[in-house]
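In: Predicted model, plus sequence, below.
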Amino acid sequence: MNSLLAQLPQEVPLSWYLLLSAILFSLGVVGFHIKRNLITVFMSIELMLNGVNLSFVTFAQQWHAVKGQIFVFFVMMVAAAEAAVGLAIIIAVFRARATLAVDRIDLMKL
Amino acid sequence: MNGYLHLWLIPLMPFAGFLINGILGRRLPKWLVTAVALLAPLAAFCMVLQISLGLNANPIAIAHLPFVETCPLPWINIAALHVDFSFVLDQLSLVMLLVVTGVGFLIHVYSVGYMKNDEGYARYFSYLNLFLFFMTVLVLAGNALVMFVGWEGVGLASYLLIGFWFQKKSAADAGKKAFIVNRIGDVGFLIAMFLLVANFGTLTFTEIATKLGQDPGWSGGVVTVIGLCLLLGAAGKSAQLPLYIWLPDAMEGPTPVSALIHAATMVTAGVYMVARTHVLFDHSPFALSVVAIVGAATAIFAATIALVQNDIKRVLAYSTISQLGYMFLGCGVAAYSAAIFHLVTHAFFKALLFLAAGSVIHAIGGEQDLRKMGGLRKKLPVTFAVTTVGVLAIAGIPPFAGFFSKDAILYAAFSQGTNGKILYSVGLITALLTAFYMCRLWYLTFMGESRSPEIHPHESPWSMRGPLVILALLSICGGWIKYFGFPEFLAPVLGTQEGVSAGQHLELILSIVAVAVALLGWLLAYLFYQKNPALPARLAAAMPGGYKLLVNKYFVDEFYGVMVVKPLRGISKFFLGWVVDFGILGGTAWLLGAFVTFAGAILQRWQSGNLRSYAAWLAAGAAAVLLFPLFQSLMFPFIHHMYIIRWGH
């Protein structure tokens, strides 16, 4: 057991963080494309944003640059605002069409 | 001449009148419109008069002419070409200015009475003022380009005034005809200007004269071409063969317009231009002889047509063409001052005749047909008296104005050698015809008994009779300026005539011949139209072919219609209309539209409205952007290799 622990690196390497970030982002992309429910699609977007956030803080830690951390705050703030607007739109759409299936909401064309 | 004369003020006055009446005329009371319209030419005339009186009192100033006034700002300044907005005052332009503004003012006064009840009163006067503006610019021009501005401007004013009653189709058509025929002449003027710039590098008249004077090598060749091109321009504006056809139709305009523009001033612009550029013609005997031939041919050609016309204004129109031919004949035998002399006297008596004709037409309610007039001498005593003066003047009876100037031209032609003798005889026959058709007009209008008893003529108001009387006085005395040093006055600009030293006897004999011919013409007219009114009809019946030819004006309009207008219409309709407009221009526009529609039809499938499809495309695009550097880096070794080969390291 000890020997197994000794084989592990002393701290979590950079690539693990980035891998996690990529997995989160990819889950978001896939969820965005395959889910039908508008709320789930919306949550997928949040997932993508947070995947990106993770890579931001990772690189900020790695390069000892505070800019990445600050950027994450901005992203979170925008995401919060977006959530407010997005949920409002979703509610309005649901009221109007009585459905949240993205395939049915296809009037966004001329 | 010290300081500035402010020549630019002369054209500016009529221009101000044009602006005021043109913009505000409809809202202004009529008396104010009249005041503005009359003050503008009066002010210009007073300025010219003041300048000429000042010159008269100061012989040193005359010696310092020409006086050039240039706008301080350059106009065109491209490489070697330098053109300024410059006005020039010399003996020639002074004489022209006096005629233009003086006769112009009289005709403005006459118009007040003539156009009194017309709806377009203010419009009429604004056009008339505009005409005076451009005409003074033309006369004052110090270089060919400024002259061209005036040249085109008077053409515009002429167009506007011929088509003044544009509701009438014939008037609108006549305006268009005048404008289009003048364009042909303008092409000649333009080409002449291009050639001047190319060969002399300048358009200023004095500089051209200096350059020609410096180098005797300038003769024939280019100078001839320039001269002929200028002649084409002059023939268009001055209604000479073969471009005279617009002038008879121009009689559709109001009669004072015919008097001012189509008799006294604008149509003489061609003569003025030839006199202004006479240095060029002096260096090209060929071009000069063409001028003489065109003039003589036009003179006799138009005079024969005038013999049988029945419209009083058309008779006068053909007479104008004929007299303009005289002036060209004078220019063509290098007797420029005689031509300008005839221009001046012609301005007096032809304006008089036109205005008198206007008075007659006005009196009998718009009738222009000579056959329906007659016996008007008792009803219109003033008009009758002044017309008599005009007829005597144009027929060349001494001591009336036309005699002196016509005599000067004929004498100059006679002293030009063998060719001159031919020109002289043509001129003499024309004089006979002129006397005949003018006396015919006189007999038919005023003598005998009225042929339309139902009309009750009334003499014109004083605003019309006043100018008539003044012009009649000028038509009597105008010729006497010959004895007050008129040719000598013009000599510094136009040079002295060659071969005019033939002697007093010859001049006297020629004068007697000319008067005899004029009296013969009068006698013939008396026989034909007073003594034996049936004679003309019998003569016409005896020579049906000739009569038909003359009545139909030698079928020139029909000839041009078939030879020029129809082919042009055909080309316009088929080539320009179908091939260029419909095919090329329309086709291009249609193809562009069709392409966009087609592309849109394909691309619009992209816009399905389906959110997930958009997202998919977005993802695909993002992936492409991400993968592009990867692709590039895969290609890199190969590209790098290429570079190494190319640069060799």
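Out: Structure received. Small disclaimer: the values here were computed from a predicted structure and weren't measured.

In: and residue B:514, how far is that from residue B:522?
Out: 13 Å (CB to CB, to the nearest Å). C-beta here means a position set from N, CA and C on the backbone, and glycine is covered the same way.

In: before we move on, what about residue A:52?
Out: When distances are taken as CB to CB, residue A:52 and residue B:522 turn out to be 112 Å apart.

In: Likewise for residue B:414?
Out: In this structure, residue B:414 lies at 23 Å from residue B:522, with CB to CB as the measure.

In: Identify each of the helices in chain A and give its residue range.
Out: According to DSSP state H, chain A carries its helices in the segments A:2-7, A:14-34, A:38-63, A:67-97.

In: out of those, nearest to chain B?
Out: Go through the helices of chain A one by one with CB to the nearest CB and the one that ends up closest to chain B is helix A:14-34, at 5.9 Å.

In: How many residues are close by the closest residue in space to residue B:240 that isn't next to it in sequence?
Out: Spatial nearest neighbour of residue B:240, chain neighbours left out: residue B:298 (4.7 Å); criterion: CB to CB, 6 or more residues apart in numbering or on different chains. As a burial measure, the neighbour count of residue B:298 was computed by other CB atoms under 10 Å in any protein chain shown and equals 28.

In: Same question for the one 4 residues further on.
Out: The burial count assigned to residue B:302 is 28, neighbours taken as other CB under 10 Å.

In: Please name every helix or strand in contact with the host helix or strand of it.
Out: Counting by DSSP states H and E, the secondary-structure element that holds residue B:302 is helix B:285-306. Helix B:285-306 sits against helix B:221-237, helix B:278-282, helix B:312-332, helix B:417-446, with contacts defined as 3 or more CB pairs under 8 Å, 6 or more residues apart in numbering or on different chains; DSSP states H and E.

In: and the longest strand belonging to chain B, which residues are buried?
Out: Of all segments of type strand in chain B, defined using DSSP state E, the longest is strand B:67-78. By 16 or more other CB atoms under 10 Å in any protein chain shown, the buried positions in strand B:67-78 come out as B:67-69.

In: same question, stretch B:33-48
Out: Those would be B:33-34, B:36-45, B:47-48, for stretch B:33-48 by 16+ other CB under 10 Å.

In: Distance from it to the middle of the chain?
Out: Mean C-alpha position of stretch B:33-48 versus that of the full chain (CA atoms, centre = their mean, to the nearest Å) differs by 22 Å.

In: What of stretch A:33-43?
Out: Worked out by CA atoms, centre = their mean, stretch A:33-43 lies 13 Å from the chain centre.

In: what pLDDT, on average, does stretch A:15-23 get?
Out: Across stretch A:15-23, pLDDT averages out at 93.

In: just stretch B:142-151 next, same as before
Out: 92.

In: So what pairs up with residue B:67 in the strands?
Out: On the basis of DSSP bridges, residue B:67 is bridged to residue B:89.

In: Test my guess that it contacts residue B:94.
Out: No. Applying CB atoms under 8 Å as the test, residue B:67 and residue B:94 come out as separate, 9.6 Å apart.

In: State the distance from the residue nearest to residue B:240 to residue B:23.
Out: 40 Å.

In: circling back to that earlier point, contact partners for the residue nearest to residue B:240?
Out: Counting by CB atoms under 8 Å, 6 or more residues apart in numbering or on different chains, residue B:298 makes contact with B:240-241, B:244, B:321-322, B:324-325, B:328.

In: Looking at those residues, which gets the smallest pLDDT?
Out: residue B:241 (85).

In: Residue B:145 reaches residue B:192, doesn't it?
Out: No. Applying CB under 8 Å, one finds residue B:145 not in contact with residue B:192, separated by 11.5 Å.

In: quick one: which of the two has more around it?
Out: When neighbours are counted by other CB under 10 Å, residue B:145 and residue B:192 differ, and residue B:192 comes out ahead with 26 against 21.

In: Contacts only, for the more buried one.
Out: B:144, B:226-227, B:229-230, B:233.

In: That one belongs to a helix?
Out: Yes. Secondary structure assignment places residue B:192 in a helix (DSSP: H, G, I helix; E, B strand; the rest coil).

In: Skip the chain neighbours and tell me the closest residue to it.
Out: Residue B:192's closest residue in space is residue B:229 (CB to CB, 6+ apart), at 3.7 Å.

In: Check residue B:343 too.
Out: Leaving aside its sequence neighbours, residue B:343 is closest to residue B:268 (4.8 Å, by CB to CB, 6+ apart).

In: And for residue B:339?
Out: Distances taken as CB to CB, 6+ apart put residue B:330 closest to residue B:339, at 3.4 Å, once the chain neighbours are dropped.

In: correct me, but the one you found touches residue B:416?
Out: No. Residue B:330 sits out of contact with residue B:416 when judged by CB under 8 Å, with a separation of 10.9 Å.

In: What residue in the stretch 501-649 of chain B comes nearest to chain A?
Out: With CB to the nearest CB, the shortest gap between the stretch 501-649 of chain B and chain A falls at residue B:609, namely 3.6 Å.

In: And what about that residue, helix, strand or coil?
Out: Using three-state DSSP, the three-state assignment for residue B:609 comes out as coil.

In: What's the local residue count around it?
Out: Counted with other CB under 10 Å, the neighbours of residue B:609 add up to 12.

In: From residue A:106, how far off is it?
Out: Relative to residue A:106, residue B:609 is positioned 4 Å away (CB to CB).
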